[in-house]
Every structure is written in structure tokens, then in C-alpha cells.
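In: fold the following for me, if possible:
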Amino acid sequence: MSAQSRLQVMSSILPLNLMVTEIGGDAVDASLLLPPSVSPHDYQFRPSDIRRMMGADVFFWVSPELENSLKKLAGKHAAAVSLAPNLARGEDPHVWLDLQLVQDMARKIANTLSRQIPTRGAYFHANAARFISDLRQYDKSLQAQLQHVPKFKYLLVHDGFSRFESHYGIGPGKVVMKSEHQLPGARHMASLREGLLAGEFTCVFKEPQFPMSRLASLLEGVESQVIELDLLGLKQPAGAYFVDFYQAVGSSYLKCAAAAGWSSSNWPAGPTRRNLLGGEEDLKRTVKLRS
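Out: Sure, this is the predicted structure:
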């Protein structure tokens with residue numbers, strides 16, 4: 001399909017964009033509202049951001065619990081779809097790390113696109129089925145790895161991984177910040193610092209969305225290994241699949257386990273990449289950010 005005839009679909013964050021690109025395939029032109037280098041929690045939208053959002057045929061976002069600043073804007077869009085609209089207040093809104101919810105979201109994306117282009121409905125649902133199959137394949141591999149990993153302690157910048165940890169029975173890790181809106185108190189920081197100096201934590205996870213200055217005072221003179229944990233896919237290359245992003249999260253946890261002394265020569269591999277466009281063209285995607 002030509003770019004002019006494709007459905008214009010925008011997503012609020014990169015993990016959703018990866019899902020839309022795979023499920024929509026050659027029938028959609030997928031774009032991204034927020035670059036993965038910024039937090040979606042309270043982003044201040046520019047007029048150009050709003051124009052781009054309103055110009056999309058379909059707009060996917062997560063929920064008010066994650067993107068409070070999008071609530072009013074999404075309400076003005078004729079085809080804005082929240083993929084996790086029923087989150088309770090205080091519930092972890094990082095739903096793209098919840099395997100069951102991701103599968104539900106994939107089906108919801110396929111249903112939404114099918115309503116927009118009914119003649120491509122079977123195509124969208126087939127792509128969603130492949131998406132889910134690939135994710136389940138990696139999940140099975142990671143489960144097999146983590147069931148042999150001894151317990152290990154780690155420190156997170158903020159509390160965004162509880163769904164992933166619960167699914168795989170790891171952690172939970174201690175966090176520097178319970179939320180981005182609440183700076184840690186002096187007593188909490190002192191307690192974490194004491195634990196780090198005592199060797200309590202195998203590793204410290206840094207997130208590319210947060211500057212290392214948030215951790216500098218804690219890590220001075222500390223030997224814990226620092227490992228990157230990418231919640232929003234900032235380090236994913238163009239053309240990445242959602243399972244690549246998810247695998248990167250899993251690999252970060254396995255690296256921390258390795259730092260604790262666990263070793264394995266059988267690291268989990270992602271599923272074989274497919275051409276989701278049915279062989280018509282190479283799936284070399286460049287995520288389009290705001291200009």
C-alpha cells in the first residue's frame with residue numbers, strides 16, 4: 001500500500017508503537033507522539049504535538065494513570081483508544097510489562113484497526129496472533145532460565161517493574177523513588193546508601209530516562225554493578241520488534257543474576273524474526289518522532 005492510502009495511527013509511547021507497527025503491518029503508517037527519552041507521566045504538550053495527535057486517524061494511549069496530561073486531549077480525539085482504561089488508582093500503570101495485558105492489548109489493537117479497515121481484518125488478527133505467539137515463545141524461554149536463578153537483591157530508580165517481577169517471581173527490588181512526583185527523603189536515601197556500602201544489592205538498575213545524577217550520591221564508593229534497564233525502549237534500534245524490547249528487559253535481569261554468581265550458557269533467544277508484511281517488502285522501520 002502507498003503511504004498516502006495507509007491508516008495514520010499514532011501511539012503515545014514507543015512500546016505501543018512497536019505493537020501497532022507489527023499488528024498493522026503494511027496497512028498502517030505508525031507514528032509516535034512522545035520520544036522514549038521523556039517520561040509520559042506529566043509531559044507538557046506543545047501545540048505541534050497536539051496538531052499531530054489530532055491529525056491521526058487512530059490514537060492509542062495507555063491510561064490516565066500513566067498519562068494524566070493526555071486525558072483531556074484524548075477525549076477530544078474521535079478515535080482515541082485507551083488500551084488499559086480500567087486501572088485502579090495507585091495500580092502499576094506500566095502495563096506493557098504484563099504479559100497477559102499485552103496479549104489483551106494486541107487483540108484490542110487488531111479489533112480497532114479492523115473497524116477502521118474491515119477488508120484487512122483477517123490480516124490484522126493474523127498479525128496479532130503471530131505477535132502473541134512470538135511473545136509467548138520468549139516468555140517460555142525466560143521462565144525456564146529464571147526458575148534456576150537464586151534470589152538476588154537489586155535497586156531500581158523508580159517503581160515501574162512490579163508487573164514483570166510478579167510474573168517471573170523475582171524481586172521485588174528496592175526503589176529510590178516510589179514515583180516520579182515524590183523525591184526520596186533523606187532517611188530513605190541514607191538507608192539505601194547503607195545497604196549499598198554493606199553489599200546488600202547485587203546490582204543497581206539505571207534507566208536511560210533518568211539522569212545518572214539521581215544515583216551519583218548513592219553510588220559513590222560502591223562496588224555494585226550498574227546495569228541498564230530500559231522501560232520505554234529508548235535504546236531499541238529502528239526496526240525493532242516488541243519482543244526485542246521485552247527481551248532486553250529480561251536480559252537486564254539475567255545480567256544482574258549473573259553478577260550474583262549465577263551462570264548459564266543457554267541464554268534465552270528471541271523468536272525468529274518474520275516479515276510481517278507477507279514478504280511484500282522488508283520490515284525496516286524508522287519510528288517517526290515529533291519534528
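
In: mind listing the strands for the stretch 101-250 of the chain?
Out: Assigned by DSSP state E, counting those that start in this stretch, the strands in the stretch 101-250 of the chain fall at 154-158, 174-177, 203-206, 225-228.

In: neighbouring strands of the last one in the sheet, and parallel or not?
Out: Note on strand 225-228: by DSSP bridges, its sheet partners are strand 203-206 (parallel).

In: can you list contacts of the partner strand?
Out: 152, 154-157, 173, 196, 212, 215, 218-219, 222, 224-229, 252, 255-256, 259-260 (Cβ atoms under 8 Å, 6 or more residues apart in numbering). For every residue, glycine as well, the C-beta is placed using N, CA and C.

In: flag every buried residue along that strand.
Out: By neighbour count on 16 or more other Cβ atoms under 10 Å, the buried set for strand 203-206 is 203-206.

In: just to revisit the earlier point, now render the strands of the stretch 101-250 of the chain as CSV, adding distance to residue 134.
Out: Below are these laid out as CSV (distance: least, Cβ to Cβ, whole Å):
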stretch, distance to residue 134
strand 154-158, 27
strand 174-177, 30
strand 203-206, 25
strand 225-228, 23
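
In: among the ones you listed, which comes closest to residue 65?
Out: Between residue 65 and the strands of the stretch 101-250 of the chain, the tightest spacing by Cβ to Cβ is seen for strand 154-158, at 14.7 Å.

In: residue 96 contacts residue 104, doesn't it?
Out: No - here residue 96 does not reach residue 104: they are 11.4 Å apart, not a contact under Cβ atoms under 8 Å.

In: which one of those two is surrounded by more residues?
Out: Set residue 96 next to residue 104 and count neighbours by other Cβ atoms under 10 Å: residue 96 wins out with 28 against 15.

In: host element of residue 36?
Out: In the assignment (DSSP states H and E), residue 36 maps to no helix and no strand.

In: check what pLDDT it gets.
Out: Residue 36 carries a pLDDT value of 78.

In: dump the residue contacts of it.
Out: Per Cβ under 8 Å, 6+ apart, neighbours of residue 36: 13-14, 209, 232-234, 236.

In: follow-up on the earlier one: of the contacts of strand 203-206, keep whichever come out buried.
Out: Those of the contacts of strand 203-206 that meet the buried threshold are 152, 154-157, 173, 196, 215, 218-219, 222, 224-225, 227, 229, 252, 255-256, 259-260, by 16+ other Cβ under 10 Å.

In: the residues you listed in helices, which ones?
Out: 196, 215, 218-219, 252, 255-256, 259 (DSSP state H).

In: which one of those residues sits closest to residue 69?
Out: residue 215 (26.4 Å).

In: same question for stretch 241-258, mean pLDDT?
Out: Computed over stretch 241-258, the average pLDDT equals 95.

In: helix or strand for residue 29, which one?
Out: Using DSSP H and E, the element containing residue 29 is strand 28-32.

In: identify each buried residue in that strand, please.
Out: Of all the residues in strand 28-32, those buried under the rule 16+ other Cβ under 10 Å are 28-32.

In: okay, the residues you listed in TSV with pLDDT and distance to residue 113 next?
Out: Converted to TSV, those look like this (pLDDT from 0 to 100; distance: Cβ to Cβ, whole Å):
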residue	pLDDT	distance to residue 113
28	98	7
29	97	12
30	97	11
31	95	15
32	94	17
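
In: let me know the closest of those to residue 127.
Out: Ranked by distance to residue 127 (Cβ to Cβ), the buried residues of strand 28-32 are led by residue 28 at 10.3 Å.

In: what sits against residue 195?
Out: By Cβ under 8 Å, 6+ apart, the residues touching residue 195 are 155, 174, 201.
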